[in-house]
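> Fold the following.
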Amino acid sequence: MSAHTTTVPPASPVPPASSADSVTSVFVRLKLSLLRNGLRQSGGRRAAYLTTAVVVLLFAALQLIGLIALRGHAHIDSLVILLAAVLGLGWAVMPLFFPGGDETLDPTRLVMLPLRPRPLVRALLVSSLVGIGPLFTLCMLAGSVIAVAHGTAAFAVGVVGLALALLVCVALARAVAAANVRLLTSRKGRDLAVLSGLLIAVGAQVVNFGAQRLGTSGLGQLDPAAEVLRWVPPASAIGAVDAASEGAYGVAALQLALTAALLAALLRVWGRHLTRLMTAPDGSTLQAAGRPERERASTGAGRLLPAGRTGTAMGRSLRYVWRDPKTKAAWVTSLAIGLIVPVFNAWQGTGSVYFACFAAGMLGIQMYNQFGQDTSAFWMVAMTISSTRDAYVELRARALALLLITLPYATLVTVLTTAMLGDWRTLPEALGLSFALLGAMLATGAWTSARFPYSIPQEGNKNVAPGQVGLAWMSIVGGMVAAALLCAPVIALTIWLNVSAGGDALQWLVLPVGTAYGAALAELGLRLAAPRTARRLPEILTAVSKG
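Below you'll find the predicted structure:
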């Protein structure tokens with residue numbers, strides 16, 4: 001019997017699980033899948049995304065055409081250099097204020113995958129180039145290159161500079177997000193996004209003011225800032241194109257080298273943060289466990305509130321303003337816009353003291369939909385309301401909490417606007433109108449809170465639950481129109497005093513009359529809204545629990 005030996009062929013070498021190129025392609029497909037699946041969630045989200053994409057691309061195309069049309073202008077180089085600097089700044093701050101804008105910005109979701117830092121950095125960098133934002137930036141940079149490039153060498157430098165500037169913008173956003181990912185995914189990080197309303201409001205007014213100044217004085221005012229920024233990446237990449245157009249190839253090479261050096265530094269910093277995130281444990285809860293219990297800072301302020309239900313309800317409303325992200329966002333936006341509109345108009349010399357009433361109007365909006373911020377927890381408030389008196393005290397406490405902020409702030413904005421304009425004679429009139437408008441909005445806000453309540457979703461960026469948009473518009477727009485009509489007597493008194501022969505000596509009467517009239521309107525609105533609130537508690541709870 002012969003023994004047969006079986007020869008086992010040598011095992012072929014197993015290919016690596018994923019090379020750098022395959023990891024990159026996987027992440028690009030992942031980014032496309034995230035975009036595609038996000039659009040499949042609902043028709044509303046699909047329509048919003050497509051509308052945003054069309055508007056952004058249309059704006060980018062118009063800007064591209066405008067930059068090309070400015071080719072040959074004496075100061076076009078200063079304009080495009082500042083434009084590149086603003087684009088870089090926007091990419092740097094975008095992750096801080098919009099951490100939920102890109103699902104792939106959070107690398108902690110990849111902790112369980114066997115990925116090394118360098119392939120991961122490369123894959124994330126390439127996948128970051130997929131989206132509307134990179135395409136918009138590409139159009140802006142392409143228009144900037146075409147606007148300043150003259151000659152074959154300048155266009156060759158422009159191709160390299162465009163790629164470097166785009167990669168610097170994307171890497172800057174990624175490095176900032178990786179460095180602050182623990183903060184951005186925490187409650188404090190979500191609260192940081194509240195400042196986006198302030199940033200947008202201030203930025204819009206600054207852009208408006210700057211555009212008006214440039215329209216009257218020309219682009220030459222940008223030259224001093226551009227001389228400095230042309231050496232700061234990513235603007236230095238566009239400065240290199242301008243230098244190559246003038247034949248300064250050494251300067252162009254140095255500016256490109258600065259941009260490339262910053263890109264390498266950003267990738268290195270980004271890789272270090274990724275390594276730390278992938279290997280270090282999250283000790284955010286360990287520190288909290290080891291700390292001794294601290295005294296609550298809110299107890300001191302809480303002692304200043306009235307006793308009983310009024311103080312309790314006021315404290316709850318103030319805590320919403322401080323802790324609830326949606327409520328805080330609404331307050332920050334209203335405070336910012338209420339100050340920016342009158343102050344910036346006064347700064348430009350085109351405003352009026354009466355623009356200060358805008359602050360009272362913006363803050364008065366916070367009285368609308370008072371029960372919506374409670375969401376489904378409104379049932380605890382409803383259980384404590386057994387009579388019209390209870391409903392009145394609840395609404396009055398919420399109005400008083402709002403007045404703690406709005407009264408001093410509206411007064412401050414009015415005095416500041418008056419000081420900037422130097423028109424102290426009209427200060428009593430402006431204050432009287434502001435207080436009357438604030439009282440009218442408290443009155444209409446209390447009534448619409450009981451009549452048209454709607455839910456505020458706690459997750460996502462929507463401030464109105466699906467199917468309740470009509471209620472929200474009816475509440476806010478209808479209430480604002482009604483408040484303006486209720487202020488008609490004080491407005492008529494102000495006009496009469498300004499046009500009458502002996503009205504100059506009596507203009508100060510608008511302040512006490514407007515204050516008393518606003519207080520009377522607020523009291524009347526609360527008393528009219530209280531019975532309706534007490535009767536509609538089940539309906540209010542159902543409406544505010546849909547989010």
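
> switch to C-alpha atoms for all contacts and neighbour counts from now on
Will do.

> which non-adjacent residue is nearest residue 414?
Excluding the flanking residues, the one nearest residue 414 by CA to CA, 6 or more residues apart in numbering is residue 356, at 5.0 Å.

> need the contact list for the one you found.
338-339, 342, 410, 413-414, 417, 430, 434 (CA atoms under 8 Å, 6 or more residues apart in numbering).

> So which of those residues sit within helices?
Here DSSP state H is the test, and the contacts of residue 356 give 338-339, 342, 410, 413-414, 417, 430, 434 as lying in helices.

> Let me know the secondary structure of residue 389.
helix (DSSP: H, G, I helix; E, B strand; the rest coil).

> Wait, it touches residue 528, no?
No: look at residue 389 against residue 528 with CA atoms under 8 Å: they stay out of range, at 11.5 Å.

> Would you quantify the distance from the residue nearest to residue 414 to residue 245?
50 Å (CA to CA, to the nearest Å).

> Contact partners for residue 363?
If you count contacts by CA under 8 Å, 6+ apart, residue 363 has them with 331, 334-335, 338, 406.

> cutoff 7 Å now
Residues in contact with residue 363, defined by CA atoms under 7 Å, 6 or more residues apart in numbering, are 334-335, 406.

> Could you export those as CSV, including secondary structure and neighbour count?
CSV is the format used below for these (DSSP: H, G, I helix; E, B strand; the rest coil; neighbours: other CA atoms under 10 Å):
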residue, secondary structure, neighbour count
334, helix, 24
335, helix, 21
406, helix, 22
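
> With distance to residue 228 added, can I get those in TSV?
Listed next are those as TSV, based on distance: CA to CA, whole Å:
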residue	distance to residue 228
334	36
335	34
406	43
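
> Just the closest of the ones in helices among the contacts of residue 356 to residue 327, please.
residue 338 (16.3 Å; CA to CA).

> Look at the residue lying closest to that closest one once chain neighbours are set aside and report its pLDDT.
Closest residue to residue 338 apart from its sequence neighbours, by CA to CA, 6+ apart: residue 359 at 3.8 Å. Looking at residue 359, its pLDDT stands at 86.

> close enough to count as contact, residue 359 and residue 339?
Yes: the criterion here is CA atoms under 7 Å, and residue 359 meets it with residue 339 at 6.2 Å.

> Need the three-state assignment for residue 129.
Three-state assignment for residue 129 (three-state DSSP): coil.

> In three-state terms, label the nearest residue to residue 444 once chain neighbours are set aside for me.
Spatial nearest neighbour of residue 444, excluding adjacent residues (CA to CA, 6+ apart): residue 479 at 5.4 Å. Assigned with three-state DSSP, residue 479 falls in the helix class.

> What's the local residue count around residue 479?
Applying other CA atoms under 10 Å, we find 23 residues neighbouring residue 479.

> what does residue 271 give?
By other CA under 10 Å, the residues close to residue 271 number 21.

> which parts of the helix or strand hosting it are buried?
Assigning secondary structure by DSSP states H and E places residue 271 in helix 249-279. Buried residues in helix 249-279, defined by neighbour count with 16 or more other CA atoms under 10 Å: 249, 251-253, 255-260, 262-263, 265-274, 277-278.

> Tell me, what's the model's pLDDT at residue 202?
63.

> Now tabulate the contacts of residue 356 in a markdown table and tack on distance to residue 156 and pLDDT.
As requested, those are exported to a markdown table (distance: CA to CA, whole Å; pLDDT from 0 to 100):
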| residue | distance to residue 156 | pLDDT |
| --- | --- | --- |
| 338 | 49 | 85 |
| 339 | 48 | 85 |
| 342 | 48 | 87 |
| 410 | 56 | 91 |
| 413 | 53 | 91 |
| 414 | 56 | 91 |
| 417 | 52 | 89 |
| 430 | 60 | 89 |
| 434 | 60 | 92 |
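
> Please pick the buried ones from those.
Buried among those (16+ other CA under 10 Å): 338-339, 342, 410, 413-414, 417, 430, 434.

> for those, which one is nearest residue 383?
residue 410 (34.8 Å).

> State the helix or strand in which residue 91 lies.
Using DSSP H and E, residue 91 maps to helix 76-97.

> Kindly export that helix (C-alpha atoms) in CSV.
Extracted C-alpha coordinates of helix 76-97, given in CSV (Å, rounded to 0.1, in the frame of the first residue of the first chain):
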residue,chain,number,x,y,z
ILE,A,76,-8.9,94.1,-9.8
ASP,A,77,-5.8,92.4,-8.2
SER,A,78,-6.7,93.9,-4.8
LEU,A,79,-10.3,92.8,-5.1
VAL,A,80,-9.5,89.1,-6.0
ILE,A,81,-6.9,88.9,-3.3
LEU,A,82,-9.3,90.0,-0.6
LEU,A,83,-11.9,87.7,-2.1
ALA,A,84,-9.5,84.7,-1.7
ALA,A,85,-8.8,85.8,1.9
VAL,A,86,-12.5,86.0,2.7
LEU,A,87,-13.1,82.5,1.2
GLY,A,88,-10.3,81.1,3.4
LEU,A,89,-11.8,82.7,6.5
GLY,A,90,-15.2,81.4,5.6
TRP,A,91,-13.9,77.8,5.3
ALA,A,92,-12.0,78.2,8.6
VAL,A,93,-15.1,79.2,10.7
MET,A,94,-17.7,77.1,8.9
PRO,A,95,-17.1,74.0,11.0
LEU,A,96,-17.5,76.0,14.2
PHE,A,97,-20.9,77.4,13.4
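
> what does the average pLDDT come to for it?
On average, helix 76-97 scores 84.

> Distance from that helix to the middle of the chain?
17 Å (CA atoms, centre = their mean, to the nearest Å).

> cool, stretch 245-259 as well?
Centre to centre, stretch against its chain (CA atoms, centre = their mean), the figure for stretch 245-259 is 37 Å.

> Could you check how far the closest residue to residue 334 other than its chain neighbours is from residue 420?
Computed as CA to CA, 6+ apart, the closest residue to residue 334 that is not its neighbour in sequence is residue 362, at 5.3 Å. Residue 362 sits 21 Å away from residue 420, going by CA to CA.

> go on, residue 413?
Taking CA to CA, one finds residue 413 at 11 Å from residue 420.

> all helices in the stretch 201-350 of the chain, in order from the N-terminus.
In the stretch 201-350 of the chain, the segments counted as helices under DSSP state H, counting those that start in this stretch are 223-229, 235-245, 249-279, 284-290, 298-302, 308-323, 325-347.

> Of the ones you listed, which is nearest residue 399?
Of the helices of the stretch 201-350 of the chain, the one closest to residue 399 (CA to CA) turns out to be helix 308-323, at 8.3 Å.

> Summarise which helices and strands that closest one is packed against.
Judged by 3 or more CA pairs under 7 Å, 6 or more residues apart in numbering; DSSP states H and E, helix 308-323 is in contact with helix 325-347, helix 388-421.

> and whatever helix or strand residue 470 lives in, what does it pack onto?
For residue 470, the host element (DSSP H and E) is helix 469-486. Contact partners of helix 469-486 among helices and strands, from 3+ CA pairs under 7 Å, 6+ apart: helix 427-451.
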